[in-house]
Structures are given as structure tokens and as C-alpha cells.
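A.B. asks: One predicted model, sequence on top.
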Number of protein chains: 2
Amino acid sequence: MDQKLEFTPVGTIRSCFREKFGIPRQAGLVPDSRAVLKFNDGQEFRDALRGLEGFSHVWIVTVFHGNTPSEEGSWKPLVRPPRLGGTQKVGVFASRSPHRPNPIGLSAVKLEKIVADAPGGAELHLRGIDFLDGTPVLDVKPYVPYSDSIPEASSGWATPSAEIRRETGVEFTAAALQAISDFEAQGFTRFRALIEQVIQQDPRPSFQTRRAQTQTGASESYGCRLYDFDVRWKIENDQAVVVEIEDLR
Amino acid sequence: MDQKLEFTPVGTIRSCFREKFGIPRQAGLVPDSRAVLKFNDGQEFRDALRGLEGFSHVWIVTVFHGNTPSEEGSWKPLVRPPRLGGTQKVGVFASRSPHRPNPIGLSAVKLEKIVADAPGGAELHLRGIDFLDGTPVLDVKPYVPYSDSIPEASSGWATPSAEIRRETGVEFTAAALQAISDFEAQGFTRFRALIEQVIQQDPRPSFQTRRAQTQTGASESYGCRLYDFDVRWKIENDQAVVVEIEDLR
């Protein structure tokens, strides 16, 4: 069982997430995150989408391409999930870590629109995504709830409460609100909602969260790139405040 | 985006399904179907399973290896799903057909037991499977209901009613019942339930089903291999009767 198998991407993801920090740990956690899957050009890919419009969700099978050169091709049997504070180890097959024997990603996402005749290649417009911009795509499959949806499945250490902290509000400075208002007027709808959702799923490693909780009054700064905007926020007394949004275009 | 990506299987499936006919079209449809995922030998694969015991279900990412040589590596943008009677075409990305640009399979299955220290390589014991015996495995991921389970997803043409016909009873001849009783006493527990479930999910192509319905009294014979047993049944007046079970050991 040492044979090598060769795959060729069928397309590439263009995502609102332009860097790894800020990407939700699972699909579906940031409903206003958006991506476009651009298929390689050709009539065969256009035809291959026929009938997909009846499905509200799709599986996207991807390749984790964002690993640094030193990480690429290497994997360790044990990983430290950020949600376990970075202090506890679990097996890589008990995690969704990108550093796996075969770096294959799997995301159930909302299918918003199919543009089969887009110039340069067919497009799927997707929401609730967790893709880094530039991700290669190996396959698309319809989400079939009667076999794929198992709500009663028990989920070990990966509990939803550990992933989402919707109770934490996000505040904005007047300057940040003004910038958001400008961008939304340019067509970036629900940009504010996207920022709120990204911050609320708390991209900080948990050990930092705990540190912030114990050092009352400590102020920490974070930034992440969403589309071509650099969004910067502070955590003060466990409260997130978006202080600056820089347009990098 | 024409780069080729190379993957190496981490293990192989030993399945009750020894031939393609009879395999359910999705995981979960035949709850008493069983498989063992045997990892390649090595401490790293044993370690990589740590913490997986907290999850009731896992995703198994496989390679469709059962295609005939003429089918291998070739794909067509449109396929004719058996459930649509073999007469209607849908795009391959709107189907779970094994003939895909990249022949990657995806199954959510029940994790029954982990035998990390099995001789020759760690084992996952799985139920509700849809794997052909010998299937290479690329990856294992925990099933995480808060992101993977989307019960409200709409499923296009792939409706559950088209997949399962539990209303159809399965009858057995006295000889078949005696054979089943013997095998179950040898440790093949729930072998009768497995046979019933395989026949009830109706592995016949739909156009044959319709033909059987119109030709009242027509008798058709089918057979499939489950473990090392050849199970043969007839359809008479829309009623399945298991007539023979041959032990091929």
C-alpha cells in the first residue's frame, strides 16, 4: 500500500481570507464569509455542474496549500489544537489540522450561486467558508443530508461551545465604522457582519484568551486581512474593539 | 492550476462488500454493514488515532479503486444516476458517482472500535459503510456535528425516498434460513439483518425495478457477495425471496 496516487486540481478558491489568521476552524462558523470556486476553463467543467442548483450545500474537497515550506509534506502524529489551549495533544486523525499525512481539506459550505458561463471558467459562489485564498480544489460533491447529516454524533473534544463565543460583543471606533460604511457602499455588503463574526469566533489561540482573562486591563492587538482590507482590533477587558480598517487596494 | 499532487494511502479497507453490486449508494443506508480500516504499520499511525475514541462517527476519505481499466482515469462530465432510472443525466459534481475528475470518495460512518495495537497495523472497526473491499484510504477525520451536520440542507434529486424502500419485506427459504443460522453461530452476527438491509436498499437499477413492476409475475434473479458468502435472491411480484446462500470459504 505504498503506491502513490496523482490528482490534478479542477479549480482554485478566491476567498475573503487572504491570510491564515482569522480563518474559522470549521466551515459554517462565519456565515458571511464568501469565496468563489473558479473551475479551470473548459466545457466539461461547465457540464459537470448540471443539476447542482438543487442542492443548498456542497462539499468542497481541497488541498491545504498554506503550509510553510518547512511544514510541507511533513506531518506529526500528534497535534496541539488551539481550542485545547495549545497544551494538550490529540492524534492528527482526531483533528481537522491541516498538517496531515495527505493534506486534504473537507468543508461543507453554502452554495449561493452557480455561474456556469463565467468568462475564464465556471464559478461556484460559496458562503460560510474556511478557505485560504488560493486553495486548490480537488472535488465538489453535493451535500446529501440523509447520509451526511448526523446531528446526534458525539464530537469528543471538539465541542461547539469551545468554538464560538457569540456572547462577546464587538465594538467599533467611529473611524472604523466610517470606513466600513464606505466599503459597504462600494458593494462589499455585510462587511461589518463579516468582521464581527470573524472576531466572535475568536481566532486567538486559547492560551492567549486565558491570559487576557487573568490580566485584567491588559490590551492586546490583532489584525487580519479580509479581502483587500487590513482589519485591526484590540481586546481590552475581554471586549473586542475594531480600531482601524486599512484599504490595501 | 495544472500541477499534479501526489498522495499515498495511509491504509486499506477490508469490507463485507466483496463486489460492487449490492454496495449501498451512500454510507449509513445499511447499518449492519461492516468494514475494518487497516492502517499501514507503524507507531505514527497508532499515535495519530489518540483522542478519536471520543467521536461516534468519522469521515473516511478514500480512492475509488474499483473502476475497470477502461474507466480508470477517464471521466465524463455527465452521469446517469441509477436512482434516476439510468435515463436522466446530471453533472458529475451534482452526483456521488465514482467516475470523477479526481476519484476521491467520502463516507461518514460509525466508529465502533479502535484497535490501536492490532498486529500489523492499527485498526478502525466501522459500521454503516459503503466501501468495496480493498479500497485505499487517504485520510480519516472526526465527524464534527456542529459544522458537518446540516439537516435542513436541500438535496436536489437525491431524495431519501428514492434510496430506501424499507416497506418491501425480504423473505427467506428454509434452506437459506438454515445457512444463515449456521453462519451466525460461527460468529457472523446479524448476517440476516445485513442481507435484509442490502436487499431493502434495492441495489437493482431503477429501470429494472420499473420493469418488474409492470411485468407482474416476472421473476428476476440477483446475487451478491457478502464476506465470503454468495447470497442469491429472486424478485417475484415485487417480493424479494432469498433462495440460496453459498459458502465460498
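C.D. replies: Yep, it's here.

A.B. asks: pull the longest strand from chain A.
C.D. replies: strand A:104-115 (DSSP state E).

A.B. asks: ok, it: who's next to it in the sheet?
C.D. replies: In the sheet, strand A:104-115 lines up against strand A:57-63 (antiparallel), strand A:123-127 (antiparallel) (DSSP bridges).

A.B. asks: Tell me which of those sits most buried.
C.D. replies: strand A:57-63 (a mean of 23; mean count of other CB atoms under 10 Å in any protein chain shown). Just so you know, the C-beta spots here come from the backbone N, C-alpha and C atoms, and that holds for glycine as well.

A.B. asks: how distant is that one from the center of its chain?
C.D. replies: Relative to its chain's centre, strand A:57-63 lies at 12 Å (CA atoms, centre = their mean, to the nearest Å).

A.B. asks: Break chain A down into its domains, please.
C.D. replies: A:11-148, A:165-247 (automatic domain parsing).

A.B. asks: Comparing those domains, which yields the minimum mean pLDDT?
C.D. replies: Lowest mean pLDDT of the domains of chain A: domain A:165-247, a mean of 83.

A.B. asks: Please state the offset of that one from the chain centre?
C.D. replies: 16 Å.

A.B. asks: what does stretch A:134-150 give?
C.D. replies: 15 Å.

A.B. asks: show me the contacts for the residue nearest to A:Leu177 when sequence neighbours are not counted.
C.D. replies: Once flanking residues are discounted, A:Leu177 sits nearest to A:Arg192: 7.9 Å by CB to CB, 6 or more residues apart in numbering or on different chains. By CB atoms under 8 Å, 6 or more residues apart in numbering or on different chains, the contact list for A:Arg192 reads A:Phe172, A:Leu177, A:Ile180, A:Glu184.

A.B. asks: picking up where we left off before, now the strands paired with strand A:104-115 in a markdown table, with distance to A:Gln197?
C.D. replies: Listed next are these as a markdown table, based on distance: least, CB to CB, whole Å:
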| stretch | distance to A:Gln197 |
| --- | --- |
| strand A:57-63 | 18 |
| strand A:123-127 | 11 |
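
A.B. asks: Quick one, which of those strands gets closest to B:Ser95.
C.D. replies: strand A:57-63 (11.8 Å; CB to CB).

A.B. asks: for chain A, what spans make up the strands?
C.D. replies: Under DSSP E, chain A gives strands at A:5-7, A:11-15, A:34-39, A:57-63, A:78-79, A:90-91, A:104-115, A:123-127, A:136-142, A:170-172, A:219-226, A:229-236, A:239-247.

A.B. asks: now the residue nearest in space to the middle of chain A: how far from chain B?
C.D. replies: By CA atoms, centre = their mean, chain A has its centre lying nearest to A:Asp130, at 1.9 Å. Separation of A:Asp130 from chain B (CB to the nearest CB, to the nearest Å) stands at 9 Å.

A.B. asks: I'd like the distance between that residue and A:Ala27.
C.D. replies: 5 Å (CB to CB, to the nearest Å).

A.B. asks: Grab the nearest non-local neighbour of A:Tyr143.
C.D. replies: The shortest distance from A:Tyr143 to any non-neighbouring residue, by CB to CB, 6+ apart, is to A:His57 (3.7 Å).

A.B. asks: Tell me what that neighbour is bridged to.
C.D. replies: Assigned bridge partners for A:His57, using DSSP bridges, are A:Lys110.

A.B. asks: Repeat that for A:Pro136.
C.D. replies: Note on A:Pro136: beta-bridge partners by DSSP bridges are A:Thr12.

A.B. asks: ok, now which ones touch it?
C.D. replies: A:Pro9, A:Gly11, A:Thr12, A:Ile13, A:Thr62, A:Val63, A:His65, B:Met1, B:Gln3, B:Leu5.

A.B. asks: ok, the last one - contacts?
C.D. replies: Looking back up the chat, that one is B:Leu5. A:Glu6, A:Phe7, A:Thr8, A:Pro9, A:Val63, A:Pro136, A:Leu138.

A.B. asks: Farthest pair within those residues?
C.D. replies: Of all the pairs that the contacts of B:Leu5 form, the one spanning the most space (CB to CB) is A:Glu6 and A:Pro136, at 13.5 Å.

A.B. asks: Provide a ChimeraX selection command restricted to the buried entries of the contacts of B:Leu5.
C.D. replies: Isolation of the buried members of the contacts of B:Leu5 (16 or more other CB atoms under 10 Å in any protein chain shown) is achieved in ChimeraX through the command below:
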select /A:7,9,63,136,138
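
A.B. asks: OK, contacts around A:Pro31?
C.D. replies: A:Lys110, A:Arg127, A:Gly128, A:Gln197.

A.B. asks: if you set the cut-off to 7 Å instead, what comes out?
C.D. replies: The contact partners of A:Pro31, by CB atoms under 7 Å, 6 or more residues apart in numbering or on different chains, come to A:Arg127, A:Gly128, A:Gln197.

A.B. asks: ok, now A:Arg225?
C.D. replies: A:Arg18, A:Glu19.

A.B. asks: For it, list each beta-bridge partner.
C.D. replies: A:Asp230.

A.B. asks: on that earlier part again, turn the contacts of A:Pro136 into TSV, including distance to A:Leu49.
C.D. replies: Formatted as TSV, the contacts of A:Pro136 follow (distance: CB to CB, whole Å):
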residue	distance to A:Leu49
A:Pro9	16
A:Gly11	11
A:Thr12	16
A:Ile13	16
A:Thr62	17
A:Val63	20
A:His65	23
B:Met1	17
B:Gln3	23
B:Leu5	22
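
A.B. asks: Give me the residues contacting the longest helix anywhere in chain A.
C.D. replies: Longest helix of chain A, by residue count under DSSP state H: helix A:174-185. For helix A:174-185, the surrounding residues in contact (CB under 7 Å, 6+ apart) are A:Phe191, A:Arg192, A:Phe229, A:Val242, A:Val243, A:Glu244, A:Ile245.

A.B. asks: quick check, nearest of those residues to B:Val90?
C.D. replies: For those, the nearest to B:Val90 is A:Phe191 (36.0 Å; CB to CB).

A.B. asks: Distance of that closest one relative to A:Ala176?
C.D. replies: Per CB to CB, A:Phe191 is found 11 Å from A:Ala176.

A.B. asks: which one of the two has more residues nearby?
C.D. replies: For the pair A:Phe191 and A:Ala176, the greater number of neighbours falls to A:Phe191 (23 against 20), based on other CB atoms under 10 Å in any protein chain shown.
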